[in-house]
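Asker: sequence first, predicted coordinates after that:
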Amino acid sequence: MQAYDACTYTRTTDIYGKEVINLLCAKSRVAPLKVVSLPRLELLAALLAACFMSKYAPKLQLPINEYFYWTDSTLVLNWLLSPSSRWKTFMGNKVSEIQELTSVSQWKHVASSDNPADIVSRGCFPSQMKSLDLWWNGPSWLKGEHTQWPSNFQELNSKTEYLSEEKVITNLFLTTENNSFNQIFKLFSSLSKLLRVVAYCLRVKSNLLSSDTNIYGPVKATEIENSLKRLVKVAQQEEFFTELCDLKNSKLVSSKSKLFRLKPFLDNDGIIRVGGRLKHAVSLSFFQKHQIVQSIGNALFNYEELYTILVRIEAILNSRPSTPLSTDPNDLSVLTPGHFLIGDSLSAFPERDVTNIMENRLTRWRRVVQITQKYRLDGRTSISISDKSEKNGHNQMVLI
């Protein structure tokens with residue numbers, strides 16, 4: 001049967017200046033039924049000593065100048081020198097309790113031959129206890145000055161038993177598709193609002209990184225411009241990732257790329273722009289010569305084409321009927337958002353239907369028209385007169 005124990009001694013100085021060492025109390029416990037290694041039993045003994053001292057020392061009601069704790073296990077001392085989080089659950093909990101009750105600087109190393117606690121753990125007959133000076137008065141060197149006490153403890157770095165209790169930390173690296181910033185496009189239906197929000201976010205980031213150049217007040221035009229550039233880069237990173245990598249590495253895109261014929265290049269901001277013969281035009285600015293590449297689905301558009309599509313779609317949305325303008329069944333006029341914008345409904349000349357024509361048969365302008373016509377068909381709102389409805393009366397306007 002295994003056991004572990006701890007014993008407590010008092011070191012006092014009498015009126016003649018003589019140091020007196022006496023056994024105060026001792027306590028032993030039987031080892032757990034589950035097989036426990038010897039180093040763990042030694043740690044349990046250290047915890048028993050710490051709990052023992054914190055519980056009974058105050059009962060003496062005597063002024064105690066210093067506390068010292070001794071163990072003959074170098075493993076225990078090394079465990080106590082490290083944070084409890086470094087060790088496995090069992091060891092970490094015990095080390096944490098000891099560190100809460102005591103200070104690491106109070107722990108010393110004692111040789112097994114001078115450790116009175118070993119008498120209990122190894123066993124001893126009662127008849128032998130009477131004459132064991134080590135048990136009753138502790139090791140002889142305790143009566144000397146602190147400088148004469150043994151100090152042969154060495155910190156361990158690679159001992160197998162010491163490291164066997166170290167917690168195994170597994171570093172797991174996961175790569176995920178980072179679309180978190182792309183989701184910002186779905187949060188706003190207004191580009192101007194999106195630009196302002198991103199501009200404020202970039203301002204906060206800049207202010208946190210540099211306290212010398214903090215920016216306050218309304219958003220400036222330069223901030224809106226930087227916000228637009230950032231959003232364009234995010235969109236291009238999503239749509240033209242391979243082309244971006246090719247342009248950064250070799251400055252040429254693959255011949256299989258859908259951007260190949262546009263002769264793209266990266267500007268100073270890392271944005272893909274269109275090349276081509278316009279670069280020789282003297283009267284055009286850099287931004288007019290080299291427009292930003294953007295896309296809708298699988299279609300590629302320059303800035304002006306995309307702007308045209310967005311304006312036409314806006315006109316479609318502002319032409320949708322909200323309510324009839326009169327109760328006359330022969331009056332098909334309806335109230336639309338356009339009435340609030342220009343005072344009348346928006347109108348445009350009808351165009352030839354190109355929704356069913358293959359994309360490669362269309363000119364670039366007809367491609368713009370096709371996109372807007374498909375949008376109108378996907379979300380159209382039509383008006384019809386119904387006189388056969390069972391639920392509605394005759395000559396009523398019905399919005400479908």
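Answerer: Structure's in. What do you need?
Asker: contacts, neighbours, all on C-alpha from now
Answerer: Noted.
Asker: nearest spatial neighbour of residue 23, chain-adjacent residues omitted?
Answerer: The shortest distance from residue 23 to any non-neighbouring residue, by C-alpha to C-alpha, 6 or more residues apart in numbering, is to residue 9 (4.5 Å).
Asker: partners of the helix or strand harbouring the one you found in the sheet?
Answerer: Assigned by DSSP states H and E, residue 9 falls within strand 3-13. With DSSP bridges as the test, strand 3-13 is paired with strand 19-30 (antiparallel).
Asker: so which residues make contact with the partner strand?
Answerer: For strand 19-30, the surrounding residues in contact (C-alpha atoms under 8 Å, 6 or more residues apart in numbering) are 1-14, 120, 135-138, 142-144.
Asker: got the buried residues for the helix or strand just after it?
Answerer: Later in the chain than strand 19-30, the nearest helix or strand by DSSP H and E is helix 38-56. Neighbour-count burial for helix 38-56, with 16 or more other C-alpha atoms under 10 Å as criterion, is recorded at 39-53.
Asker: do the same with stretch 261-276
Answerer: 264-266, 270-275.
Asker: could you dump those to CSV with pLDDT, secondary structure and distance to residue 301?
Answerer: Rendered in CSV, the data for the buried residues of stretch 261-276 read as follows (pLDDT from 0 to 100; DSSP: H, G, I helix; E, B strand; the rest coil; distance: C-alpha to C-alpha, whole Å):
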residue, pLDDT, secondary structure, distance to residue 301
264, 84, coil, 13
265, 85, strand, 16
266, 86, strand, 17
270, 87, coil, 19
271, 88, coil, 15
272, 85, strand, 12
273, 84, strand, 11
274, 80, coil, 10
275, 77, coil, 14
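Asker: any low-confidence regions in this protein?
Answerer: Counting by pLDDT under 70, the low-confidence segments of the chain come to 1, 152-164, 167-182, 211, 295-300, 347, 378-400.
Asker: how is it carved up into domains?
Answerer: As given by automatic domain parsing, the domain ranges for the chain are 3-164, 186-302, 312-399.
Asker: for the second one, measure first residue to last.
Answerer: Right, the one you point to is domain 186-302. This stretch, domain 186-302, spans 22 Å end to end (C-alpha to C-alpha, to the nearest Å).
Asker: residue 256 belongs to a helix?
Answerer: No. When classified by DSSP: H, G, I helix; E, B strand; the rest coil, residue 256 is found to be coil rather than part of a helix.
Asker: shouldn't residue 332 be in contact with residue 323?
Answerer: No. Using C-alpha atoms under 8 Å, residue 332 makes no contact with residue 323, being 10.5 Å away.
Asker: the strands in this protein, which residues?
Answerer: 3-13, 19-30, 69-71, 107-109, 265-266, 272-273, 294-296, 299-301, 323-324, 334-335, 383-386, 396-399 (DSSP state E).
Asker: return the set of buried residues in stretch 200-207.
Answerer: 200, 202-203.
Asker: and what of stretch 277-294?
Answerer: 289-294.
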